[in-house]
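Asker: Structure for this input, please:
(one chain, ligands or ions: 2)
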Amino acid sequence: MKYFYTLSICLLISLNVTAQHQDGFYATMSLHHAKALVKDAPNDIEILSTFRNEVAVWMTETGSHKLHDRILTHGPGYIYRNSEEEAITAIQNPQNILENNTRAALNFSITEDATVIPTLDLIQTQNIEDHILELENYGTRYHNRASATQAAVDLKAKWEEMAAEYGRTDVSVRLFEHSNTQMPSVILTITGAEIPEEYVIVGGHLDSTSNQGNDNAPGADDDASGIATITEATRALFEVGFVPKRTIEVMAYAAEEIGLVGSNEIASEYASNDVNVVAVSQFDMTLFNGSSNDVSFITDFTSGTLTNYMMSLLDHYNASGDHQVTYSTSVCNYGCSDHASWTGQGYLAAFPFEANFGQHNGNIHSTGDMFSLTNTASHATKFAKLCAEFLIEVAKNNEALSVNDVLASSIYLTINDGMLSYDLTSSQKEVKSIQLYSIKGQEVFATTAISDRDQVALPTLSTGIYIATITTENSNTPIVKKLIVR
Ligand code: BES
Ligand code: ZN
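Answerer: Ligands and ions are numbered 1, 2, ... in the order given. A predicted model of the protein is given here:
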């Protein structure tokens, strides 16, 4: 009797479950897409479990079609799983997150030409050179020396000044204190305007070492170059007025040279707090041009998906012309830099490196790792461009501000040499007013009482993207156009 009772309860429960989950299947997919589908088709999907950016779901065939038709731009969108248990286990498996990652395959698109292209022109080799020399002047940045901590404190101040110079109220800089070294890491955060809980990270290491004694470890290539590279990319992002949708973090790690200490502590803290890090790129050694190709992507301890994506960025933006960058691949054979800390926690990381392994700068870890060896940072500039492309394309523009143009093809509107020129004569519309907004939403120029065709002098504008709106008589919809000031 007792058996019968237990059995019928089990039967009831299982019947209930099958009734609820019939005509469907289990799958894993990105949280982002799952949420969109829940909103669009609540009866066709149920989120069973969440881990970072991935979810285990039950969904109907109809749901999978809706996912394709209404939410995705490309890719399958989900991975089929045999059971609920398999789906839940799969999202918690770092290896799985790494290479089977639906989010990675789906969300890495290249769409931000309007922001990236002007940014590439803003990146300046001179700034990278100045910064490398500034860091070299600490003598050594060995993690247990006061000079290393000083370098971190000063870098925090430098990044704060840089953010202030461009009026960025969405940027903060903090020191990350560690357990296994006295040297702090430095983290600059640009809070995402739309999906702040998703992170895009670039980093390099601020410490240096010398096997000839650590009193004199200038560490120009290893890795002042990486710090200078990511700093210049970030500055260019500020100059162009880029407001990211996702949160961006720029990291100067402490104590890499004694075993990835700083990055390991940061990556494990992020993992234990379930921080949604979408992608990480490491910049360690960008100064020395040792191989026939410019960038060598390290393919071990990195994500193939992310590496391929960064190659696509170079194919798209740097195939020829002034900004040309060529690439190949290489291996370290060990977790040779901070990318390995992120990979170890199941995050997607890539490592574009200065040369093929073995053809890299032979003076690292010595008193000879000085800027004077190359005397130019032109090689590093290529990495700064890749860094900016990566940050803009993975973090994406804030859609709230990146308006679609509402403009008849017959209307002419442009900014050139400080003048706003427009011609609305063929549109048969009478102009009431023109406003110009920065990408951050500040009105930088406004005028009324104007004719249908004119040239108006503008105040001095910093380079970047602006949005012009023109209000006309007898129409409630203003004409809107994005404009680039170069
Ligand atoms: N920048 C090097 C890594 C590197 C060196 C990559 C040469 C490719 C070629 C990094 O600072 C470093 O020195 N790493 C250590 C290992 C780390 C786990 C302490 C190394 O390579 O010995
Ligand atoms: Zn090193």
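Asker: In the stretch 51-200 of the chain, what residue comes closest to ligand 1?
Answerer: Closest to ligand 1 within the stretch 51-200 of the chain is His143: 11.0 Å, counting by CB to the nearest ligand atom. Every residue, glycine included, has its C-beta placed from N, CA and C.
Asker: neighbours of the residue lying closest to that residue once chain neighbours are set aside, just the number please.
Answerer: Of all residues not flanking His143 in the chain, Ala255 sits nearest, at 3.9 Å (CB to CB, 6 or more residues apart in numbering). Neighbour count of Ala255, defined by other CB atoms under 10 Å: 27.
Asker: So, low pLDDT: which residues of this structure?
Answerer: 1-22, 52-53, 71-77, 93-107, 400-410, 427-428, 440, 449, 474 (pLDDT under 70).
Asker: What residues does it have near ligand 1?
Answerer: Within the chain, the positions lying close to ligand 1 (CB under 6 Å from any ligand atom) are 222-223, 256-257, 259-260, 284-285, 332, 335-337, 353, 357, 360.
Asker: Next up, phi/psi of the residue nearest in space to the middle of the chain, please.
Answerer: Geometric centre of the chain, nearest residue: Leu391, 3.1 Å, by CA atoms, centre = their mean. Leu391 has phi and psi values of phi -70, psi -50 when expressed as degrees, to the nearest 10.
Asker: OK, contacts around it?
Answerer: Neighbour list for Leu391: Val200, Val202, Ala233, Thr234, Leu237, Pro244, Ile248 [criterion: CB atoms under 8 Å, 6 or more residues apart in numbering].
Asker: again with Lys158
Answerer: Lys158 neighbours (CB under 8 Å, 6+ apart): Thr231.
Asker: Checking it next. Helix, strand or coil?
Answerer: The three-state label given to Lys158 by DSSP: H, G, I helix; E, B strand; the rest coil is helix.
Asker: residues near the residue of the stretch 351-486 of the chain found nearest ligand 1, how many?
Answerer: When distances are taken as CB to the nearest ligand atom, the stretch 351-486 of the chain reaches nearest to ligand 1 at His360, 4.6 Å away. Burial of His360 is recorded as 20 neighbouring residues (other CB under 10 Å).
Asker: likewise the one 3 residues further on?
Answerer: Neighbour count of Asn363, defined by other CB under 10 Å: 16.
Asker: which residue sits closest to it in space, ignoring its chain neighbours?
Answerer: Closest residue to Asn363 apart from its sequence neighbours, by CB to CB, 6+ apart: Asp369 at 4.9 Å.
Asker: doesn't that neighbour fall inside a helix?
Answerer: No - judged by three-state DSSP, Asp369 forms no part of a helix; its state is coil.
Asker: OK, contacts around the residue of the stretch 101-250 of the chain found nearest ligand 1?
Answerer: Nearest residue of the stretch 101-250 of the chain to ligand 1: Asp222, at 4.4 Å (CB to the nearest ligand atom). Going by CB under 8 Å, 6+ apart, Asp222 touches Ser208, Asp284, Met285, Asn361, Ile364, His365, Asp369.
Asker: secondary structure class for it?
Answerer: With three-state DSSP as the criterion, Asp222 reads helix.
Asker: Pull the number of nearby residues for the closest residue to it other than its chain neighbours.
Answerer: Nearest residue to Asp222, sequence neighbours excluded (CB to CB, 6+ apart): Ile364, at 4.0 Å. Other residues near Ile364 number 23, with proximity taken as other CB under 10 Å.
Asker: Check Thr472 too.
Answerer: 18.
Asker: Surely it and Lys429 touch.
Answerer: Yes - counting by CB atoms under 8 Å, Thr472 does reach Lys429; the two are 4.0 Å apart.
Asker: Now for those two: what residues contact both?
Answerer: Ile479.
Asker: Give me every residue in this protein lying close to ligand 2.
Answerer: Residues of the chain lying close to ligand 2 by CB under 5 Å from the ion are Asp222, Glu257.
Asker: measure whichever residue of the chain sits closest to ligand 2 to Glu265 for me?
Answerer: Using CB to the ion, the closest approach of the chain to ligand 2 is made by Asp222 at 4.2 Å. Distance, Asp222 to Glu265, by CB to CB, to the nearest Å: 21 Å.
Asker: now do Asp322
Answerer: In terms of CB to CB, Asp322 sits 40 Å off from Glu265.
Asker: got it, and Ala388?
Answerer: The gap separating Ala388 from Glu265 is 27 Å, by CB to CB.
Asker: The two: which is more packed in?
Answerer: Legend: neighbour count by other CB under 10 Å for Ala388 and Glu265, higher for Ala388 (29 against 21).
Asker: Kindly tell me how buried Thr189 is, as a neighbour count.
Answerer: By other CB under 10 Å, the residues close to Thr189 number 18.
Asker: next one: Glu393
Answerer: The burial count for Glu393: 25, using other CB under 10 Å.
Asker: and if you look at Ser268?
Answerer: Other residues within reach of Ser268, judged by other CB under 10 Å, total 13.
Asker: Same question for Pro42.
Answerer: Neighbours of Pro42 using other CB under 10 Å come to 10.
Asker: hang on, Asn180 is in a strand, isn't it?
Answerer: No - under three-state DSSP, Asn180 falls outside any strand and is assigned coil.
Asker: what sits against it?
Answerer: Ala255, Val261, Glu265.
Asker: nearest residue to the second one other than its sequence neighbours?
Answerer: Once flanking residues are discounted, Val261 sits nearest to Ala255: 3.8 Å by CB to CB, 6+ apart.
Asker: can I assume that neighbour sits in a strand?
Answerer: No - counting by three-state DSSP, Ala255 falls outside a strand, being coil.
Asker: That one contacts Gly262, correct?
Answerer: Yes - Ala255 is within contact range of Gly262, at 4.9 Å (criterion: CB under 8 Å).
Asker: Sort out which of the contacts of Leu391 are buried, if you could.
Answerer: When the contacts of Leu391 are checked for burial by 16 or more other CB atoms under 10 Å, the buried set is Val200, Val202, Ala233, Thr234, Leu237, Pro244, Ile248.
Asker: Can you tell me the closest non-neighbouring residue to Phe371?
Answerer: Nearest non-adjacent residue to Phe371 (CB to CB, 6+ apart): Ala220, at 4.5 Å.
Asker: Tell me who's in contact with Val200.
Answerer: For Val200, the contact set (CB under 8 Å, 6+ apart) comprises 244, 246-249, 277-280, 390-391, 394-395.
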